[in-house]
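In: No letters, just coordinates:
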DNA sequence: AGTGAAGTGGACACGGCGTCCACTTACTCG
DNA sequence: CGAGTAAGTGGACGCCGTGTCCACTTCACT
């Protein structure tokens, strides 16, 4: 496997920055491959070479932001990272996700087209994290609960709540209640 | 406003039964207007006369099943209907919704195309119900929580959980925990 | 400079969407 | 009962997005 060619790298960068702009300025669910191609000044074929659909472009952009949080969850300071009680860690995770959604909700929305929410790699990571917290808290049969606790973080739910006039901190507060209340029962 | 003409009524029936069959036999997210038209033996124009998109056909079919539950919530016997403590009523509602999803998950999935989940009339009803239960339980600022408690009932979440091998009763159990635990904190 | 492989981009065929309108059918009223 | 009329029908049409394909260009290595 040869290293990436210079023109290919140049185009990859052009595509990503152009895509970020496009997703930001119009309804992310209606962004088309052509839009990105035009904005990046490349042909559609070039896009398809790397990304099988628009969703994956959005995922690629989102990953940059998500990996930071993922690292913090694994090896950062408490309460996000290890060391704090599970309830606090879950609440902190919720808060961090809300911040992420607030900053990049448009991208997150774009990753949902075609209902591949659960296929995306990041979902597995979040799920594994929540699952381990639930286990640590001693919650019985946490498998089903994990998905259910992740559901309120679905981009469309958050965006809907924001559109209804709820502030990010209100959303965080409700999620925090959920997190703390859960461990009470364990 | 004139009464509906005989042929129109006939076609409405043909469309609905044909649509139900089509949604059942293939991935409901890929069902097209043409599929339904062909199956019903009518032209596409006839479909558009009543339903602006496939989603609304699915909604029309689903409504038949949902109205039953809605009535029970309002005037049925406890714990589904009025009279039981909020936590029990919430758990019962969750269980009923799981049954509904288990029976008609395909339709529910089809209503989600285009991200109109929150625009559909039924969502408002469920939300109002949960909201009133939360108020009755004395939970503070229940507005944000209502959407979050409804999120695990999103068709794609449920279908995903089933596909993972979780049984309906496992899903119910986890939701019941959520419901009971919440009122503990009030 | 020459060569082969990697990369590019736009033309193409396909399929779904939503509209439009000439035609058909059912009700109504003389 | 037999026009007249409004409601209802259906398929053709144009549009747009998708994903593929392949002749051409560019790069990197010698």
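Out: Structure received. These figures come from a predicted structure and were not determined experimentally.
In: What ranges does chain A have for its helices?
Out: Along chain A, counting by DSSP state H, helices occupy A:6-25, A:33-40, A:44-50, A:54-75, A:86-110, A:121-136, A:142-150, A:155-163, A:168-184.
In: which of the residues in the first one are buried?
Out: Read it as helix A:6-25. Using 16 or more other Cβ atoms under 10 Å in any protein chain shown as the test for burial, helix A:6-25 gives A:11, A:12, A:15, A:16, A:18, A:19, A:20, A:22, A:23. For every residue, glycine as well, the C-beta is placed using N, CA and C.
In: Can you get me a residue count around the nearest residue to residue A:143 once chain neighbours are set aside?
Out: Leaving aside its sequence neighbours, residue A:143 sits nearest to residue B:166 (Cβ to Cβ, 6 or more residues apart in numbering or on different chains; 6.5 Å). Residues near residue B:166, counting by other Cβ atoms under 10 Å in any protein chain shown, number 18.
In: before we move on, back to that, now render the buried residues of helix A:6-25 as a markdown table, adding pLDDT and distance to DNA strand D.
Out: Listed next are those as a markdown table, based on pLDDT from 0 to 100; distance: Cβ to the nearest atom of the strand, whole Å:
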| residue | pLDDT | distance to DNA strand D |
| --- | --- | --- |
| A:11 | 93 | 10 |
| A:12 | 95 | 13 |
| A:15 | 97 | 14 |
| A:16 | 97 | 17 |
| A:18 | 97 | 15 |
| A:19 | 97 | 12 |
| A:20 | 97 | 17 |
| A:22 | 97 | 12 |
| A:23 | 97 | 13 |
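In: distance of the residue nearest to residue A:143 from DNA strand C?
Out: Distance, residue B:166 to DNA strand C, by Cβ to the nearest atom of the strand, to the nearest Å: 31 Å.
In: Pull up the gap between whichever residue of chain A sits closest to DNA strand C and residue A:15, please.
Out: When distances are taken as Cβ to the nearest atom of the strand, chain A reaches nearest to DNA strand C at residue A:43, 1.7 Å away. According to Cβ to Cβ, to the nearest Å, residue A:43 and residue A:15 sit 11 Å apart.
In: Model confidence at residue A:185, what's the number?
Out: On pLDDT, residue A:185 comes in at 66.
In: quick one: low-confidence ranges for chain A?
Out: Low-confidence segments of chain A, defined by pLDDT under 70: A:1-2, A:185-186.
In: nearest residue to residue A:4 other than its sequence neighbours?
Out: In space, residue A:4 is closest to residue A:12, 7.8 Å off (Cβ to Cβ, 6+ apart).
In: Surely the one you found is in contact with residue A:50?
Out: Yes: Residue A:12 is in contact with residue A:50 according to Cβ atoms under 8 Å; the separation is 6.7 Å.
In: near DNA strand D, which residues of chain A?
Out: A:3, A:5-7, A:32-34, A:44-45, A:48, A:52-54 (Cβ under 7 Å from any atom of the strand).
In: tell me which parts of chain A are close to DNA strand C?
Out: Taking Cβ under 7 Å from any atom of the strand, the part of chain A that reaches DNA strand C is made up of A:2, A:4-5, A:7-8, A:10-11, A:41-46, A:48-49.
In: ok, residue A:48 - how many residues close by?
Out: A count of neighbours around residue A:48, defined by other Cβ under 10 Å, yields 12.
In: neighbours around the residue nearest to it when sequence neighbours are not counted, how many?
Out: With Cβ to Cβ, 6+ apart as the criterion, residue A:48 has its nearest non-adjacent residue at 7.5 Å, and that residue is residue A:33. Per other Cβ under 10 Å, the neighbour tally for residue A:33 reads 14.
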